[in-house]
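>>> Just need the structure, nothing else, for what follows:
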Amino acid sequence: MALTRRTFVTSTLAAGTTAAAGATLGTPAALAAPAPLASPPGDVVGKVTVGYQGWFACIGDGAPINSWWHWSANASQPPSPTNTTIKSWPDVRDYTRTYPTAYPNLNGGQRAALFSSHDDQTVDTHFRWMRENAHDTAALQRFNPNSPEGPTRDAMATKVRRAAETHGRKFYIMYDVTGWTAMQQEIKADWTNRMRAHTASSAYAIQNGRPVVGIWGFGFNESNKAWPPEVCLDVISWFQAQGCYVMGGVPTHWRTGTGDSRPGFLGVYRALDMLSPWMVGRIGTIADADNFYQNVNLPDQAECDAHGVDYQPCVLPGDLQLRQRVHGDFMWRQFYNLCRVGVQGFYISMFDEYNEGHQIARTAENASQVPAGSGIWALDEDGTPCSADYYLRLTGDGGRMLKGQLPLTATRP
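Modelled structure (predicted):
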């Protein structure tokens, strides 16, 4: 099974920086004015990209993997309170087909059922939500396709392509190289023999006249991402030679080569056309976001500007189960701060990540919509009612501020 993104945190992640608690930020009346870009606006520059896992399956859904993929710890059995990978409970009212679990009924009396990403209607619904909320582009996650999950991943690429075409959204393939031992050669073969065909779609993301490819995982200081810089540079250069614009999901502290980043990788990061530092597990409060604005985001942008690299930081809604969201204020502060930085785009982490509690997709609104006795928090956990689609809408508003369509403001709509 593929591993979820690491929430690897070291004591050095925030070293030397102290947030100013309770700082008051101004609210300029003028519309946001983006800084000069390394690249002109395209399908990722100047846009909102959502990370799309598409990795949930249920036994009986027809997926080749034939399991409760990413819903259960033991994927041969339905999820239950003692067999689960679920942190947040999805709102499933927009799906025409769901699958009963071994959880108790919801507090409101309905059966505890889940969706499958393999169902065409699910993917169509997700891309309809993106269209309705002005999310521009989806980065479809693709782990080692030569593993047993490969055929299901292949099917998801086709389904995402079709849904993006239907709803006028853009998409691109984003490789997650976590644990992919033979990555250097196999990623090239996978692109050549399978994924490159999707660039023929009118919905495939183009930046600077080139199809976008994402690679997540180079440079992380983790044992399952141990490639030396020369291997990473070879892969990046190969994709660029194929005519691709390469976006890299990189460590939070890529610029300094400390904490979650291996030293000696700055040349790798500078070789990318766009980079997006990972943020899950790094910040969880408004004070954290302000700290990162001053001590990480501003110097990151300056480094990218100096080397012609587009800068697309992650934006998090917050871990719902750690009660980080403060009914949208945490996410909005990130949007506001990054617009002040003048970033080249937002990468939302993630659209459908119910395993980490960082999803923006429709989520249980209140206790009546979560399984009885599960201890799972709903969106109103802090006493403020939030509709199931609240973070979809908030993301759309953040994108409008990025594009200068809303005033630059520290106060969320």
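
>>> ranges for the strands of the stretch 1-150 of the chain?
Under the criterion DSSP state E, counting those that start in this stretch, the stretch 1-150 of the chain carries strands at the ranges 47-52, 99-100, 113-114, 137-142.

>>> and what of the stretch 301-413 of the chain?
Using DSSP E, counting those that start in this stretch, strands in the stretch 301-413 of the chain cover 310-311, 314-315, 345-348.

>>> Near the spatially closest residue to M331 that is not a sequence neighbour, how many other residues are there?
Leaving out its chain neighbours, the residue that sits closest to M331 by Cβ to Cβ, 6 or more residues apart in numbering is P317, at 4.8 Å. From N, CA and C alone the C-beta is placed, and that goes for glycine too. Close neighbours of P317, defined as other Cβ atoms under 10 Å, add up to 26.

>>> Packed most tightly, which of the strands of the stretch 301-413 of the chain would that be?
A comparison of the strands of the stretch 301-413 of the chain by mean neighbour count, using mean count of other Cβ atoms under 10 Å, puts strand 345-348 on top with a mean of 27.

>>> so what strands line up beside that strand?
Strand 345-348 pairs in its sheet with strand 47-52 (parallel), strand 314-315 (parallel), by DSSP bridges.

>>> Could you export the strands of the stretch 301-413 of the chain as CSV, including distance to A138 and mean pLDDT?
Listed next are the strands of the stretch 301-413 of the chain as CSV, based on distance: least, Cβ to Cβ, whole Å; pLDDT from 0 to 100:
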stretch, distance to A138, mean pLDDT
strand 310-311, 18, 98
strand 314-315, 15, 98
strand 345-348, 10, 98
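
>>> on that earlier part again, JSON lines please, covering the strands of the stretch 1-150 of the chain and showing mean neighbour count.
Shown next, in JSON lines, are the strands of the stretch 1-150 of the chain (neighbours: other Cβ atoms under 10 Å):
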{"stretch": "strand 47-52", "mean neighbour count": "26"}
{"stretch": "strand 99-100", "mean neighbour count": "18"}
{"stretch": "strand 113-114", "mean neighbour count": "20"}
{"stretch": "strand 137-142", "mean neighbour count": "26"}
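
>>> one step back: which pLDDT value goes with the residue nearest to M331?
Predicted confidence (pLDDT) for P317: 98.

>>> For I187, see how far away it is.
Separation of P317 from I187 (Cβ to Cβ, to the nearest Å): 30 Å.

>>> wait, isn't the residue nearest to M331 in contact with H358?
Yes: taking contacts as Cβ atoms under 8 Å, P317 lies within contact range of H358: 6.0 Å.

>>> hang on, the earlier thing: between the strands of the stretch 1-150 of the chain, which one is closest to D300.
Proximity of these to D300 was assessed by Cβ to Cβ; the nearest stretch is strand 47-52, lying at 17.3 Å.

>>> Let me see the ranges of the helices in the protein.
For the chain, the helices defined by DSSP state H cover 120-132, 150-167, 183-193, 229-241, 266-271, 286-292, 298-307, 329-341, 390-402.

>>> how about these, which one is nearest A200?
Taking those one by one with Cβ to Cβ, helix 150-167 is closest: 9.4 Å.

>>> how much does that closest one deviate in direction from helix 183-193?
50 degrees (axes from the mean of the first three to the mean of the last three Cα atoms, to 10 degrees).

>>> Identify the residues contacting helix 150-167?
52, 54-55, 57, 63-65, 69, 117-118, 120, 123-124, 126-128, 130-131, 138, 140, 142-145, 169-171, 173, 194-195, 198, 201-204 (Cβ atoms under 8 Å, 6 or more residues apart in numbering).

>>> Against A113, how distant is T96?
T96 is 12 Å from A113, where distance means Cβ to Cβ.

>>> list the residues that contact both of the two?
By Cβ under 8 Å, 6+ apart, T96 and A113 have no common neighbours.

>>> For F127, give its distance to Q321.
Taking Cβ to Cβ, one finds F127 at 27 Å from Q321.

>>> Neighbour count: the two, which is higher?
Each of F127 and Q321 has its neighbours counted (other Cβ under 10 Å); F127 has more, 25 against 16.

>>> which non-adjacent residue is nearest the more buried one?
A163 (3.9 Å).

>>> Quick one: neighbours of that neighbour, just the number.
Neighbours around A163, by other Cβ under 10 Å: 24.

>>> Could you do P407 as well?
Neighbours of P407 (other Cβ under 10 Å): 15.

>>> With the one 5 residues further on instead?
Residues contacting R412 under the criterion other Cβ under 10 Å number 18.

>>> per-residue confidence for it?
The predicted local confidence for R412 is 92.

>>> residue contacts, the residue lying closest to it once chain neighbours are set aside?
With Cβ to Cβ, 6+ apart as the criterion, R412 has its nearest non-adjacent residue at 3.6 Å, and that residue is W332. Shown in contact with W332 (Cβ under 8 Å, 6+ apart): L394, G398, A410, T411, R412.

>>> Of those residues, which is the most crowded?
G398 (26 neighbours).

>>> Surely T363 touches E381?
No: look at T363 against E381 with Cβ under 8 Å: they stay out of range, at 10.7 Å.

>>> So between the two, which is more surrounded?
Neighbour totals were compared for T363 and E381, and T363 leads with 27 against 18 (other Cβ under 10 Å).

>>> beta partners of that one?
Counting by DSSP bridges, the residues bridging with T363 are P90.

>>> can you offset everything so residue one is 16?
Will do, 16 is the new start, and the previous item becomes T378.

>>> residues touching it, list them.
Applying Cβ under 8 Å, 6+ apart to T378 gives the contacts S103, W104, P105, D106, L335, Y369, A393, L394, A403, Y406.

>>> got the contact list for the nearest residue to the last one once chain neighbours are set aside?
Closest residue to Y406 in three dimensions, ignoring its sequence neighbours and counting by Cβ to Cβ, 6+ apart: I375, at 3.9 Å. When contacts are counted by Cβ under 8 Å, 6+ apart, I375 is found next to V65, P332, I363, M365, F366, Y406, L407, L409, T410.
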